[in-house]
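In: Whatever this is, show me its structure:
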Amino acid sequence: MFLVDQLTNVLTAISHPTRRAIIGQLASGPARFSDVAKPFDTALNAVTKHLKLLERAGLIERRKQGREVYISFRAEPLRQVVGWVHHYERFWNKQLDQFEQYFTDKKRKEKR
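Out: Numbers count the residues shown, from 1 in each chain. Alright, predicted model coming up:
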């Protein structure tokens with residue numbers, strides 16, 4: 001059950017374009033809260049809410065250094081998404097292979 005809840009948290013976190021932009025920004029390295037919030041034309045409270053969702057999903061971590069709060073990206077939770085998507089990729093590849101085989105067999109029968 002925990003893995004499903006965690007996957008749901010990660011999928012929810014990456015479902016919003018602002019949160020994906022924050023992840024993109026943090027992928028190049030840790031940043032102060034004010035630097036993370038700067039590119040967004042929104043209230044700091046809204047950015048805080050986005051960060052809380054990312055933190056709940058385990059995609060970011062906060063570290064206080066003096067008066068500054070630094071935020072870092074953690075990619076590990078995205079592996080759950082990759083695994084889940086990969087499972088369905090195998091499913092669809094199998095379905096498409098069967099579909100292709102059906103038409104290959106049909107074409108052979110028509111040539112006879």
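In: The longest helix seen in the chain packs against which elements?
Out: Using DSSP state H to define each element, the chain has its longest helix at helix 78-111. Applying 3 or more C-beta pairs under 8 Å, 6 or more residues apart in numbering; DSSP states H and E, one finds that helix 78-111 contacts helix 2-14. For the C-beta atoms, the positions are set from N, CA and C on the backbone; glycine is no exception.
In: what distance separates the helix it packs on from the centre of its chain?
Out: Centre-to-centre, helix 2-14 and its host chain are 9 Å apart (C-alpha atoms, centre = their mean, to the nearest Å).
In: what about dumping the CA coordinates of it to CSV?
Out: Output of helix 2-14 as CSV, limited to C-alpha atoms (Å, rounded to 0.1, in the frame of the first residue of the first chain):
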residue,chain,number,x,y,z
PHE,A,2,2.9,2.4,0.8
LEU,A,3,4.3,2.1,-2.7
VAL,A,4,0.9,3.0,-4.2
ASP,A,5,0.5,6.0,-1.9
GLN,A,6,4.0,7.1,-2.7
LEU,A,7,3.5,6.7,-6.5
THR,A,8,0.3,8.7,-6.2
ASN,A,9,2.1,11.5,-4.4
VAL,A,10,4.8,11.6,-7.0
LEU,A,11,2.4,11.5,-9.9
THR,A,12,0.3,14.3,-8.2
ALA,A,13,3.5,16.3,-7.7
ILE,A,14,4.6,16.1,-11.3
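In: Low-confidence ranges, this protein, go.
Out: 1-4 (pLDDT under 70).
In: Quick one: work out the angle between the longest helix of the chain and helix 2-14.
Out: Calculated by axes from the mean of the first three to the mean of the last three C-alpha atoms, to 10 degrees, helix 78-111 forms an angle of 90 degrees with helix 2-14.
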